[in-house]
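*Asks:* Following is a predicted model, sequence given first.
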Amino acid sequence: MENQKYQPENKVRIVTAAALFDGHDAAINIMRRVIQGTGAEVIHLGHDKSAEEVVNCAVQEDANAIALTSYQGGHNEYFKYIYDLLREKNAGNIKIFGGGGGVILPEEIKELMDYGIDRIYSPDDGRELGLQGMIDDLIQRSDYATGKEVTVDDLEKISFDNTKAIAETISAVENFSEEKKDLVEAIEAKTKDSKIPVIGITGTGGSGKSSLTDELVRRFLRSNPDKKIAIISIDPSKKKTGGALLGDRIRMNSINDSRVYMRSMATRENNAAVSPFIQSALGVLKLAAPDVIILETSGIGQSGSEVSDFADVSMYVMTPEYGAATQLEKIDMLDYADLVALNKSDKRGALDALQAVRKQFQRNHLLWESKLDEMPVFATKASQFNDVGTTELFNQLISKVNERFADAKLNAYDEQVVQDEVTIIPPRRVRYLSEIVENNKQYDKTVEEQAELARKMYHIDGVKDMLTGNAVETLDQQYKKAEKELQQENIDFLKNWDDTKERLSADEFSYFVRGKEIKVATKTESLSHLKIPKIALPKYSDWGDLVKWKGQENLPGSFPYTAGIYPFKRTGEDPTRMFAGEGGPERTNRRFHYVSAEMPAKRLSTAFDSVTLYGQDPAFPPDIYGKIGNAGVSIATLDDAKKLYSGFDLVNPLTSVSMTINGPAPMLLAFFMNAAIDQNVEKYIQENNLWDKVEVRLKEKFDDKGLKRPVYNGELPPSNNGLGLKLLGLTGDEILDAETYAKIKAETIATVRGTVQADILKEDQAQNTCIFSTEFALRLMGDVQEYFIEQKVRNFYSVSISGYHIAEAGANPISQLAFTLANGFTYVEYYLSRGMDINAFAPNLSFFFSNGIDPEYAVIGRVARRIWAKAMKHKYGADERSQMLKYHIQTSGRSLHAQEIDFNDIRTTLQALYAIYDNCNSLHTNAYDEAITTPTEESVRRAMAIQLIINKELGLAKNENPLQGSFIIEELTDLVEEAVYAEFDRITERGGVLGAMETMYQRSKIQEESMHYEWLKHTGEYPIIGVNTFLGKDGSPTVLPGEVIRSTEEEKQLQIENLHNYQKANEDKTAEALQQLQHAAINQENLFEVMMDAVKYCSLGQITNALFEVGGKYRRNM
């Protein structure tokens, strides 16, 4: 079918990206592959890209078109802003294309195309045209020549500020070099005496050239605030299609700066590291007069050295994985390079490699008089923020440039952060997952052996009475021999089994949790007056069966916790946890009070808008403004958090709050903790009648400065008593003495119950709301956990290790479970490497899984509990509480379909049944209409009713271990457990979780599994009722929402107004608080401890941007 693809007549260049604060990059990744395969050159920026960054890139790259996806709301403002910015920059010729599935409604598509957007593709377009058809349409509309109109006279327009003139002139020499020989000659004549240094960076593919270039550029900009830099980055063209993936920009965080110009170029010929037009392109840049030019080539082989023909200073980038030392003798660039970067030097064998490369450099350059450590070969880790080796490399590079160009006068980088070597998992521990597999399989083997011994004893005991004489004595010896080998715990279990059965058969059973006795009725009575046992016991008589059952199943609340971590479910608190988040904090607070009405336990789960998810403040630029309060609640300050949870007593043991946030999780956690502390301060103020002091402070802080006092906007819901609102604008330490405040603070944070998601590994693998560099993000997680240990925070989970988003991204249930448990064990290893005690941190870990309809979901919880318990007990020596894996279930969002949406509740009911039968610790049931809109009050009520009907009405659910004893459940449990172990070994082969992430193993596997599902769904091989089979008379079309719940203009304006008011009220404290935070980061102090104070005076965005400077931004992957 390839001959049916559209063949572009011109060299078409297209910028691709996902919108600002939008991590949904699967669709744009598929699109950019097809665009490239159709012959275009693709400049791919990745996810979370602002309109300004996209437009600046498109202008600098002289692109024909921009292709964007937007799945997170705010699309109207985003696309219009792109259109307006292009016209502002006199680049209206650049086409704009977009898509967003069902998120962009038909009337919005019409509105955007009427505004001037060239085309927004709808799901119906996808069905009608197919993927290739859509791309053909896009490229055909973008197939026009760039640079054709440029003449010699236009060279006068070129300046560094006129990026459009630079870009068009490069296009002219690249696309029309034959027709415009006069232009090429004029450029050469004007620049032949140029004194602008060209730095050439080359190296093997995958050596990290782009990341290293970005780190060098960042240091250049920081240390030379009055200097400008231009970059040309080259990637290879595909021989078959002529397309090219120009992907270097995705790795660069520093280039969206007015002092940086960057142009991506394709080689446009085979087996070349540079473009044939590179000399002219460099000439154009020299006319623009930057202070330095960087030329980064595509990946080269051992004989590649082309960069040295164009560069004044050459750098060769390699990794320690070059093979035997003799291979170094074949690398041409080691003859020509002025500097060598041995990047990714955290790899095993890097020190030996560094010595070998230095020796080879010494030989090649005949530097026999110099010491090895004086060779210009540097061990760098470009992926690590502020890496010492990269700084040494940069400073040596600057020295070389200054040496050869006296007028350059470039400054070295002297902002080096003194930091310890950042090691997440020590190299000696890299096999931890396979060690867990070996440990657990050894345990299984021991269980089998113990079961055989018990079986033997049972058989001997059964026949002994039938025999006499010597035979009895022989059997007694055999019995005693077997008993000697049987573990004492198994002997005790068998001796006590009848007593255990008797206790569980009595009307009441008592057990202890954290020293507190719990008494539970063991039976419920049916309408037919039958006594239904809460725990059904096995009918085994064979001791071997009992020992095996004890080792692999056991009673709920007993190791290995396969059937559940508690002996009985908590009465009076169903595992219902409902999700809410929309508009401003007041609207979501009202929704919280609605969904928890008449519930004895208030279990709140918070969804945040995408501005908050990416750690930024609400603001007026349209690409930010359009997302405020959409698809989640907008929270930017401590006051917002106080309003959000007002009216709920956050220290009540029946109140529990879950926060679905990852990148900026520590900041939101600090908001929440302070909101809870100030609620208790309010109670203290009330008891001691201190409101006069509050009034005085409010007058000083707001009235005297001409600022509005912060208030809860709108009516309070009936169940909101105002708790948490009386200290808006203030914090408890402004009213109370230090000793009293410290006492209230300590008591509060030790009491509050809840969870913050904060799972950075999963974000990198699946969901894309990482904001900080991975190492820094993990450090923040570790700091939170250390703070929890020091402050005795035992009721709050510091992380919810999440499989849900892995499943939503497309993973099958086994990959979801394996990746999630692997991430969990990675946190265990990391926290242990920081010196934390396993029994101090393990109780703060929780898990979060999706439940679909696949058979494996029936056992996902029991397999997770069993694997975790075996490893924690026998591998890590953890105590009982640490062995207990606690998890939340949310029914699958992927199984919510936009066709026949009423059928969604049926799927959700079956998934909830899986979860409740498997003893999940909490459960969220999705609303049937979430496939098309934010759920309504009616659909949320139905979703809650699903759980209530199962828990209150369904007879079998009165039993608390209904899965135990089922042949298929036991078989499935073993199959899934074995499959998880196989995945653990595959991850180990790739260097553990972090090593696998580096090669994007998890992400690739998730995408493959997603494509497999989508293909089977498309062909009908995987039947989905009302979607691809059993269609209604009307063909079961996609349902359009009757109304779409979005934040109002008033809510957006109010959030920005409140933010500015908050910042002005605290401006005397903000700078100092941010400096203290940065100081803590630089000096390896606990960041969360400092953050608990910083959030009292600083907004979310202020803290995020301050930490970017000392911790680094997340670097996207292709």
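*Replies:* All right, it came through fine.
*Asks:* can you pull out the strands in the stretch 151-300 of the chain?
*Replies:* For the stretch 151-300 of the chain, the strands defined by DSSP state E, counting those that start in this stretch cover 198-203, 229-235, 244-246, 260-266, 292-296.
*Asks:* Now that we have the ones you listed, can you turn them into TSV and tack on mean neighbour count, distance to E1067 and mean pLDDT?
*Replies:* Backbone N, C-alpha and C define where each C-beta goes, glycine included. Conversion of those to TSV gives the following (neighbours: other Cβ atoms under 10 Å; distance: least, Cβ to Cβ, whole Å; pLDDT from 0 to 100):
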stretch	mean neighbour count	distance to E1067	mean pLDDT
strand 198-203	26	42	97
strand 229-235	25	34	98
strand 244-246	24	43	97
strand 260-266	24	31	98
strand 292-296	24	38	98
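*Asks:* and of these, who's closest to F1108?
*Replies:* strand 260-266 (16.9 Å; Cβ to Cβ).
*Asks:* can you pull out the helices in the stretch 101-250 of the chain?
*Replies:* In the stretch 101-250 of the chain, the helices defined using DSSP state H, counting those that start in this stretch lie at 106-115, 123-141, 163-175, 181-191, 209-223.
*Asks:* how far is the third one from where the chain is centred?
*Replies:* Helix 163-175 has its average C-alpha position 38 Å from the chain's average C-alpha position, going by Cα atoms, centre = their mean, to the nearest Å.
*Asks:* Adjust the sequence numbering to begin at 341 for everything that follows.
*Replies:* Taking 341 as the first residue, the last one we looked at is helix 503-515.
*Asks:* Relative to D365, how far out is the residue most central in space within the chain?
*Replies:* Of all residues in the chain, the one closest to the mean position by Cα atoms, centre = their mean is E1103, 1.2 Å from it. To D365, E1103 is 12 Å away according to Cβ to Cβ, to the nearest Å.
*Asks:* Show the low-confidence segments of the chain, by residue range.
*Replies:* Scanning the chain for pLDDT under 70 picks out 341-343, 756-762, 912-916, 918, 1458.
*Asks:* hang on, the earlier thing: a markdown table for the strands of the stretch 491-640 of the chain, including distance to D388?
*Replies:* Shown next, in a markdown table, are the strands of the stretch 491-640 of the chain (distance: least, Cβ to Cβ, whole Å):
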| stretch | distance to D388 |
| --- | --- |
| strand 538-543 | 26 |
| strand 569-575 | 21 |
| strand 584-586 | 19 |
| strand 600-606 | 19 |
| strand 632-636 | 23 |
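*Asks:* so which of those strands gets nearest D1077?
*Replies:* It's strand 600-606; of these, that one is closest to D1077 (Cβ to Cβ) at 51.9 Å.
*Asks:* Can I get that closest one in PDB, CA atoms only?
*Replies:* Extracted in PDB, the C-alpha atoms of strand 600-606 (Å, rounded to 0.1, in the frame of the first residue of the first chain):
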ATOM      1  CA  VAL A 600      19.700  31.200  21.600                       C
ATOM      2  CA  TYR A 601      19.000  30.400  17.900                       C
ATOM      3  CA  MET A 602      18.800  26.800  16.900                       C
ATOM      4  CA  ARG A 603      18.300  25.100  13.500                       C
ATOM      5  CA  SER A 604      17.800  21.400  13.000                       C
ATOM      6  CA  MET A 605      19.000  20.100   9.600                       C
ATOM      7  CA  ALA A 606      18.700  16.700   7.900                       C
END
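*Asks:* Tell me which strands that strand pairs with, and in which orientation.
*Replies:* Applying DSSP bridges, strand 600-606 is found paired with strand 569-575 (parallel).
*Asks:* List the contacts of the partner strand.
*Replies:* For strand 569-575, the external contacting residues (Cβ atoms under 8 Å, 6 or more residues apart in numbering) are 500, 550, 553, 557, 560-561, 584-589, 595, 599-607, 613-615, 618, 621-622, 625, 628, 630-638.
*Asks:* what's around Q1416, how many residues?
*Replies:* 16 (other Cβ atoms under 10 Å).
*Asks:* Does it touch A1434 like I think?
*Replies:* Yes: counting by Cβ atoms under 8 Å, A1434 is a contact partner of Q1416 at 6.9 Å.
*Asks:* picking that back up, between the strands of the stretch 491-640 of the chain, which one is nearest to I1346?
*Replies:* Short answer: strand 584-586, nearest of these by Cβ to Cβ, at 20.6 Å.
*Asks:* Give the other helices and strands that the closest one contacts.
*Replies:* Contact analysis of strand 584-586 by 3 or more Cβ pairs under 8 Å, 6 or more residues apart in numbering; DSSP states H and E lists helix 366-377, strand 381-384, strand 569-575, strand 600-606 as its packing neighbours.
*Asks:* out of those, nearest to Y1127?
*Replies:* Short answer: helix 366-377, nearest of those by Cβ to Cβ, at 35.6 Å.
*Asks:* So what angle separates the directions of the closest one and helix 463-481?
*Replies:* 30 degrees (axes from the mean of the first three to the mean of the last three Cα atoms, to 10 degrees).
*Asks:* which helices and strands does helix 366-377 pack with?
*Replies:* strand 353-358, strand 381-384, strand 405-409, helix 463-481, strand 584-586, helix 1341-1359.
*Asks:* now for the strands of the stretch 491-640 of the chain, which one comes closest to E1055?
*Replies:* Nearest of the strands of the stretch 491-640 of the chain to E1055, taken as Cβ to Cβ: strand 600-606 at 50.6 Å.
*Asks:* List of residues touching the closest one?
*Replies:* 381, 383, 397, 400-401, 500, 503, 506-507, 510, 514, 557, 561, 568-577, 584, 586, 588-589, 592, 594-595, 615, 617-618, 621, 625, 628, 630.
*Asks:* mind checking the end-to-end distance for stretch 1223-1235?
*Replies:* Taking Cα to Cα, to the nearest Å as the measure, stretch 1223-1235 stretches 32 Å from start to finish.
*Asks:* buried set for it?
*Replies:* Buried residues in stretch 1223-1235, counted by 16 or more other Cβ atoms under 10 Å: Q1223, M1224, L1225, K1226, Y1227, H1228, I1229, Q1230, T1231, S1232, R1234, S1235.
*Asks:* before we move on, which element is the nearest residue to the third one once chain neighbours are set aside in?
*Replies:* Taking Cβ to Cβ, 6 or more residues apart in numbering as the measure, L1225 lies nearest to W1208, with 4.0 Å between them; neighbours along the chain are not counted. Applying DSSP states H and E as the criterion places W1208 in helix 1200-1210.
*Asks:* Need the CA coordinates for that helix. PDB is fine.
*Replies:* Extracted C-alpha coordinates of helix 1200-1210, given in PDB (Å, rounded to 0.1, in the frame of the first residue of the first chain):
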ATOM      1  CA  ILE A1200      -4.000  -8.800  40.700                       C
ATOM      2  CA  GLY A1201      -4.300  -7.900  44.400                       C
ATOM      3  CA  ARG A1202      -3.600 -11.400  45.800                       C
ATOM      4  CA  VAL A1203      -0.600 -11.900  43.600                       C
ATOM      5  CA  ALA A1204       0.800  -8.400  44.600                       C
ATOM      6  CA  ARG A1205       0.300  -9.100  48.300                       C
ATOM      7  CA  ARG A1206       1.900 -12.600  48.000                       C
ATOM      8  CA  ILE A1207       5.000 -11.400  46.000                       C
ATOM      9  CA  TRP A1208       5.500  -8.400  48.300                       C
ATOM     10  CA  ALA A1209       5.100 -10.300  51.600                       C
ATOM     11  CA  LYS A1210       7.500 -13.100  50.600                       C
END
